[in-house]
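Enquirer: Predicted model follows, preceded by the sequence.
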Amino acid sequence: MRSLLVVVLLLLALPVRADERVRAETRVQDVREQYGLTGEGVLVAVFDRGIDPTHRDFRNADGTTRLLAIYDLIDDAGAGDADNPTSFGTVYTRAEIDAALSAGTPLGHRDAVGHGVATAGIAGGNGAASDGRYAGMAPDVEFVIVKFTSEGAPAHGSEPAEAPFYRPDLLPVALDYVIGLAEAEGKPLVVLANFGSSGGPMDGTSARARDIDARFGPGFPGRVFITGSSDDGGVDNHAAGAVNASQSIDLEIEKASTFLRLDLWYAGSDRLTVEVVAPDGTVNGPYVPPGNGARASASGPGFTLFHNGVGVDFWGATNGRRELLIDFNSATTGTYTVRLTGTSVSDGGFQASLNPSSIISTVSNRFATFAVPGYTVWDWASAQHNLSPNAYVLRDTWTDVDGTTRTNVGSEVGPGALWPGSGVGPTYDGRLGVAVSVPGNTNIGAYGARSFFNSFRGNVIQDGDDPYGVLGAVSGGAPVLTGIVALMLQADPTLDAAEVRAILEQTARADAFTGTVPNPQWGYGKVDALAAVEEVLRGTDAEEVGAPQTATLSAYPNPTFASATVAVTLSEAADVRAEVFDLLGCRVAMLHDGLLAAGTHPLALDAAQLPAGVYVVRLDAEGLAATQRLTVVR
């Protein structure tokens with residue numbers, strides 16, 4: 001191990017650079033103070049509902065944008081533009097964003113919902129509108145924003161309504177776009193898809209899961225994909241069981257909403273005949289299963305049924321399984337029964353999900369029979385090389401802009417406990433499903449002034465020149481992990497997704513809430529950003545980096561009466577030891593003793609308690625040594 005002693009003396013204390021509770025809980029502030037990592041040089045791509053580029057948290061000190069680009073997939077008006085390498089959506093370049101900001105004119109893009117703004121703010125907002133208090137986890141990253149989805153937003157204030165939008169088939173287009181930008185910039189990339197719900201094969205074999213695995217994992221250094229487990233845990237929305245030959249079983253579903261989807265998967269070697277029994281007892285069917293490679297469809301009072309053989313399911317899965325998908329689409333509520341009869345059975349097992357069904361819904365769709373806990377890691381999150389977090393409760397209450405104390409659904413379990421709506425493993429193919437757990441319910445980030453979120457005063461907090469508000473559930477946690485991964489990639493831009501996951505799992509911590517880890521609820525435990533970054537630097541130090549080629553040092557003010565700043569820049573990561581001595585050789589301060597990443601690092605010396613006089617800042621290392629005199633005056 002090489003060793004270098006350096007000192008940075010601070011004129012001012014380090015600013016608060018993250019939601020203070022998240023910073024303390026994840027030890028991100030320790031990462032910043034000890035290693036100076038802020039995500040600089042890393043590109044974060046947020047796949048969400050859009051962005052508000054006017055919010056100060058996404059602008060530099062000079063007013064220019066921190067957004068490398070916005071790619072709006074909802075609007076195809078710019079599909080043929082020269083700056084759009086795809087045949088979809090509209091691209092807004094940094095120059096176009098800056099021109100709009102300078103002129104005070106809005107772009108033809110918005111986050112009508114508000115979810116995307118809060119997501120980006122928690123991951124990497126710079127906190128400019130709150131004096132740093134609500135900055136994100138990696139406040140110096142650059143962003144590329146992909147407007148990938150919207151659940152729709154009603155008209156609010158002077159803002160028009162927005163229709164729902166979701167085109168999962170555009171995932172490979174969007175991924176290739178952001179990967180191309182990262183490669184052109186020469187920067188590592190973290191992609192966060194902050195949406196998703198139960199349904200599909202959920203075993204890593206769908207076309208979209210394979211799109212992720214084709215672009216992330218071993219062999220793709222500097223690329224990480226993150227999507228959270230889901231918000232679909234904690235309710236009876238997963239069923240599993242077995243049907244024997246010539247046996248009939250009744251899968252009972254309590255339907256409480258107008259629309260409800262059942263998605264059931266079973267072995268391609270089996271044949272199950274289906275009947276649908278309405279709440280009034282009317283039996284519809286039987287519907288005979290098709291052969292593999294074929295699809296059968298039928299409809300009855302209030303439902304549409306599709307029965308897909310292997311190779312023609314709606315998800316492009318390669319799992320050799322058959323799919324039964326039933327959409328219940330009438331206002332009729334009550335108990336529906338899906339009766340399955342084993343016409344030809346060699347396996348017999350099935351897995352099924354319901355959607356919508358979650359603890360944050362106003363309805364309670366659920367399986368009344370064959371309900372099995374777990375198995376709520378959504379389809380994209382089941383990709384082999386996705387990094388999937390879930391969320392635990394950090395802030396169980398907050399004070400809104402009117403001074404009213406608020407809380408979120410599920411927070412009654414208390415700080416430290418798993419948020420009960422967190423999607424949990426295993427995946428349908430039996431993998432753990434969750435990598436690590438992060439604080440998610442409830443976090444605070446930037447809010448878009450024009451967003452639907454911002455129209456709810458109970459969501460908005462009092463602080464900030466531009467608005468800030470809450471984002472909870474797994475959606476509030478996934479951007480926390482995104483920012484932490486950005487810090488890891490700043491420390492070592494060559495890490496691939498598998499290496500990042502292994503480090504996070506190795507360094508996660510267990511406590512009384514997690515119990516023995518790993519487990520399908522918590523993964524490998526609660527994330528520890530400091531331990532993860534130190535493991536990155538340790539691996540870099542041992543395997544890849546020699547002694548720093550350069551280490552520059554500058555001190556100011558000198559003389560000082562209370563505190564000062566000495567800025568040191570390392571060309572390579574190194575073990576650093578920083579000490580201050582009086583002229584008798586007695587050490588009066590230890591400023592740092594441990595690893596520092598490549599880059600510029602501030603270390604603080606509080607000289608207010610030191611007697612007036614001359615002190616020596618000593619920089620020692622194996623093969624390297626330097627000293628600097630510092631005068632303290634009164």
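Expert: Looks like it arrived, so ask away.
Enquirer: how about the residue sitting nearest the centre point of the chain, secondary structure?
Expert: The residue lying closest to the centre of the chain (Cα atoms, centre = their mean) is residue 478, at 2.5 Å. Three-state call for residue 478 (DSSP: H, G, I helix; E, B strand; the rest coil): helix.
Enquirer: I'd like the distance between it and residue 375.
Expert: 20 Å (Cβ to Cβ, to the nearest Å). Any C-beta I mention is one placed from the backbone N, CA and C, and that applies to glycine too.
Enquirer: got it, and residue 65?
Expert: From residue 65 to residue 375 the distance is 42 Å (Cβ to Cβ).
Enquirer: Also residue 353?
Expert: 8 Å.
Enquirer: Next: residue 192.
Expert: Taking Cβ to Cβ, one finds residue 192 at 23 Å from residue 375.
Enquirer: do residue 274 as well
Expert: Note on residue 274: its distance to residue 375, by Cβ to Cβ, is 21 Å.
Enquirer: just residue 122 next, same as before
Expert: 28 Å.
Enquirer: Please apply the same query to residue 77.
Expert: Noted for residue 77: a distance of 41 Å to residue 375, by Cβ to Cβ.
Enquirer: Mind checking which of these two has more residues around it?
Expert: residue 375 (25 against 10; other Cβ atoms under 10 Å).
Enquirer: Tell me what the residue lying closest to that one once chain neighbours are set aside is bridged to.
Expert: With sequence-adjacent residues excluded and distances taken as Cβ to Cβ, 6 or more residues apart in numbering, residue 375 is closest to residue 238, at 4.4 Å. Residue 238 forms beta bridges with residue 353, as assigned by DSSP bridges.
Enquirer: Residue 238 touches residue 371, doesn't it?
Expert: Yes: contact criterion Cβ atoms under 8 Å: residue 238 and residue 371 qualify, at 6.9 Å.
Enquirer: And the two? Which one has more around it.
Expert: Each of residue 238 and residue 371 has its neighbours counted (other Cβ under 10 Å); residue 238 has more, 24 against 18.
Enquirer: For the more buried one, give me the pLDDT.
Expert: We have a pLDDT of 98 for residue 238.
Enquirer: do the same with residue 386
Expert: pLDDT at residue 386 comes out at 98.
Enquirer: can you count the residues close to it?
Expert: Residue 386: 27 neighbours (other Cβ under 10 Å).
Enquirer: and what of residue 30?
Expert: Residue 30 has 17 nearby residues by other Cβ under 10 Å.
Enquirer: wait, isn't it in contact with residue 530?
Expert: Yes: counting by Cβ under 8 Å, residue 30 touches residue 530, with 4.4 Å between them.
Enquirer: Just list the residues touching the residue nearest to residue 375, thanks.
Expert: Going by Cβ atoms under 8 Å, 6 or more residues apart in numbering, residue 238 touches 198, 351, 352, 353, 354, 367, 371, 372, 373, 374, 375, 376.
Enquirer: My guess is residue 467 contacts residue 445. True?
Expert: No: look at residue 467 against residue 445 with Cβ under 8 Å: they stay out of range, at 10.2 Å.
Enquirer: ok, these two, which is more surrounded?
Expert: A count of neighbours by other Cβ under 10 Å puts residue 445 above the other of residue 467 and residue 445, at 27 against 22.
Enquirer: any idea which element the more buried one lies in?
Expert: Secondary structure from DSSP states H and E places residue 445 in strand 443-446.
Enquirer: residues in contact with that strand?
Expert: Applying Cβ under 8 Å, 6+ apart, the contact partners of strand 443-446 are 19, 22, 52, 55, 57-58, 117-122, 125, 129, 134, 136, 394-395, 398, 461, 466-472, 476-477, 479-480.
Enquirer: helices or strands next to whichever helix or strand comes after it in the packing?
Expert: Proceeding N to C from strand 443-446, the next assigned helix or strand is strand 468-471, under DSSP H and E. Strand 468-471 sits against helix 115-124, strand 443-446, with contacts defined as 3 or more Cβ pairs under 8 Å, 6 or more residues apart in numbering; DSSP states H and E.
Enquirer: In the stretch 51-200 of the chain, what residue spans correspond to strands?
Expert: Ranges of strands in the stretch 51-200 of the chain, per DSSP state E, counting those that start in this stretch, are 67-72, 90-93, 142-147, 149-150, 165-166, 189-193.
Enquirer: Please disregard the earlier target; I meant the stretch 301-450 of the chain.
Expert: So, for the stretch 301-450 of the chain - with DSSP E, counting those that start in this stretch - the strands run 303-308, 321-328, 334-344, 349-355, 366-367, 386-387, 389-393, 398-399, 405-406, 436-441, 443-446.
Enquirer: Who are the packing partners of the third one?
Expert: Identification of packing neighbours for strand 334-344 by 3+ Cβ pairs under 8 Å, 6+ apart yields strand 248-255, strand 271-277, strand 283-287, strand 321-328.
Enquirer: Show the average pLDDT along the last one.
Expert: Model confidence over strand 321-328, given as mean pLDDT, is 98.
Enquirer: Could you do the third one as well?
Expert: Confidence over strand 283-287, taken as the mean pLDDT, stands at 97.
Enquirer: For it, output the C-alpha coordinates as PDB.
Expert: Presented in PDB, the C-alpha positions along strand 283-287 are these (Å, rounded to 0.1, in the frame of the first residue of the first chain):
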ATOM      1  CA  VAL A 283     -70.000 -19.600 -15.500                       C
ATOM      2  CA  ASN A 284     -68.200 -18.500 -18.700                       C
ATOM      3  CA  GLY A 285     -66.300 -21.100 -20.700                       C
ATOM      4  CA  PRO A 286     -64.700 -23.600 -20.700                       C
ATOM      5  CA  TYR A 287     -61.900 -22.100 -22.800                       C
END
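Enquirer: Leaving out sequence neighbours, find the closest residue to residue 58.
Expert: residue 66 (5.0 Å).
Enquirer: cool, residue 152 as well?
Expert: Nearest non-adjacent residue to residue 152 (Cβ to Cβ, 6+ apart): residue 164, at 3.9 Å.
Enquirer: can you check residue 45 too?
Expert: Spatial nearest neighbour of residue 45, chain neighbours left out: residue 178 (4.1 Å); criterion: Cβ to Cβ, 6+ apart.
Enquirer: To what extent is that neighbour buried, counted in neighbours?
Expert: 25.
Enquirer: For it, which residues are in contact?
Expert: 43, 45, 71, 144, 146, 189, 191.
Enquirer: any chance of these in TSV, with pLDDT too?
Expert: Converted to TSV, the contacts of residue 178 look like this (pLDDT from 0 to 100):
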residue	pLDDT
43	98
45	99
71	98
144	98
146	98
189	98
191	98
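Enquirer: List phi and psi for residue 499.
Expert: phi -70, psi -40 (degrees, to the nearest 10).
Enquirer: any idea how far it is from residue 193?
Expert: Computed as Cβ to Cβ, the residue 499 to residue 193 distance reads 20 Å.
Enquirer: burial count for the closest residue to residue 589 other than its chain neighbours?
Expert: Nearest non-adjacent residue to residue 589, counting by Cβ to Cβ, 6+ apart: residue 580, 4.1 Å away. Close neighbours of residue 580, defined as other Cβ under 10 Å, add up to 20.
Enquirer: Which helix or which strand is home to residue 580?
Expert: Here residue 580, judged by DSSP H and E, is contained in strand 574-582.
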